[in-house]
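Trainee: could you work out the structure for the sequence below:
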Amino acid sequence: MIAVKTCGKLYWAGEYAILEPGQLALIKAIPIYMTAEIDVAANYRLYSDMFDYAVDLTPDPAYSLIQDTITLMEEFLTAKGQQLQAFSIDIRGKMEREGKKFGLGSSGSVVVLVIKAMLALYGLSVDRNLMFKLASSVLLKRGDNGSMGDIACIVAEDLVVYQSFNRQTVATWLDEETLEKVLKKDWGFSIESVEPVLTFDFLVGWTKEVAVSSHMVKQIKNNMDASFLQASKETVANLVNALQTGQKEKMIEQLEQASLLLEDLSSDIYTPSLRKLKDACLDLKAVAKSSGAGGGDCGIALSFDRDSTNLLKKRWADLEIELLYQERIGHDDKSEG
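Mentor: Sure, this is the predicted structure:
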């Protein structure tokens, strides 16, 4: 039995703009995990705790994402000269509570999880760029309308700045050429880890409102214009620079700017709960914003002193916003180890 796991993710900045090629987003890995156990078996058996039944490879609507990932990976493994074998895989970790998802990128996480599990079963390893290409290929073949930023963060398991590629171009390649050929091409993306210099608290507040990201994206992406895209890219680049050079005021300023850009893009992004989550920071040494598509799910906050962190947590609790995750970020934290 081989066990693997994948994390969740949350956006800090660059939402919506990242849907366009060449744009930037800053995305943080969240250590709330999905796990898989895989073993060789006489027949295929796929089980996820999202559903109350197991399947084989016979197409099943609930399991289609997992089945599509297996199909693509078996094409990849065959091209690598591997002899295919049946297996049993058991997937757990819903990234939700009481049927309400957190918005941590569970679709991306399950695709990367199945890829990791199958690679481990066959005794293979790949670098993170190839892992990203494999997972993105699964979603592109399914007509997914996301930026693949979730995947970039989940394969890196870090705070990353992601530069997007032209998904339409790659989707066409996947239609017209072999997977092996497409994986060897330069897609034009980049995934780079970001090391913050300052020490601060990172907090995630869950509104318990469910947002359907794909619907939000369809509704809002048409609102984007050239000035929004340019401003978003500059904001992410400035935020990354502020994190790497330890400029607290600039970090706050750029996160506020990222938030403003989203507010101006659509009034649907900030629900009343997300607005309260953000406004709870107003007189504190802290900054908060919605994360991802908005319309519910989670918001994030960075807090620069302990008093602000404690007050913010109390205010969120009073607003019935659940503290889903908290982390001390910065070099001091790592040296305390």
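Trainee: which pLDDT value goes with the closest residue to residue 207 other than its chain neighbours?
Mentor: Computed as Cβ to Cβ, 6 or more residues apart in numbering, the closest residue to residue 207 that is not its neighbour in sequence is residue 273, at 3.9 Å. Using the backbone N, CA and C atoms, a C-beta is placed for each residue, glycine as well. According to the model's per-residue confidence, residue 273 sits at a pLDDT of 95.
Trainee: next: the one 3 residues further on.
Mentor: At residue 276, the pLDDT value in this model is 97.
Trainee: dump stretch 45-53 to PDB, restricted to CA.
Mentor: The C-alpha atoms that make up stretch 45-53 are tabulated as PDB, following Å, rounded to 0.1, in the frame of the first residue of the first chain:
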ATOM      1  CA  ARG A  45     -11.500  -0.100  -7.800                       C
ATOM      2  CA  LEU A  46     -11.800   3.600  -7.200                       C
ATOM      3  CA  TYR A  47     -13.300   5.000  -4.000                       C
ATOM      4  CA  SER A  48     -13.600   8.600  -2.800                       C
ATOM      5  CA  ASP A  49     -15.200   9.600   0.500                       C
ATOM      6  CA  MET A  50     -17.000  12.400  -1.500                       C
ATOM      7  CA  PHE A  51     -19.300   9.600  -2.700                       C
ATOM      8  CA  ASP A  52     -20.800   6.600  -0.800                       C
ATOM      9  CA  TYR A  53     -19.900   4.000  -3.400                       C
END
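Trainee: I'd guess the residue nearest to residue 207 is in a strand, am I close?
Mentor: No - assessed with DSSP: H, G, I helix; E, B strand; the rest coil, residue 273 is helix; it does not lie in a strand.
Trainee: I'd say it and residue 297 touch.
Mentor: No - Residue 273 lies out of contact with residue 297 (Cβ atoms under 8 Å); the separation is 9.9 Å.
Trainee: who has more neighbours, the two?
Mentor: Each of residue 273 and residue 297 had its neighbours counted (other Cβ atoms under 10 Å), and the higher figure belongs to residue 297 (28 against 20).
Trainee: so what's the more buried one up against?
Mentor: Residue 297 sits next to 101, 102, 103, 206, 207, 209, 210, 211, 291 when contact means Cβ atoms under 8 Å, 6 or more residues apart in numbering.
Trainee: surely the first one and residue 50 touch.
Mentor: No - the pair residue 101 / residue 50 is not scored as a contact, 10.2 Å apart, by Cβ under 8 Å.
Trainee: thanks a lot, see you next time.
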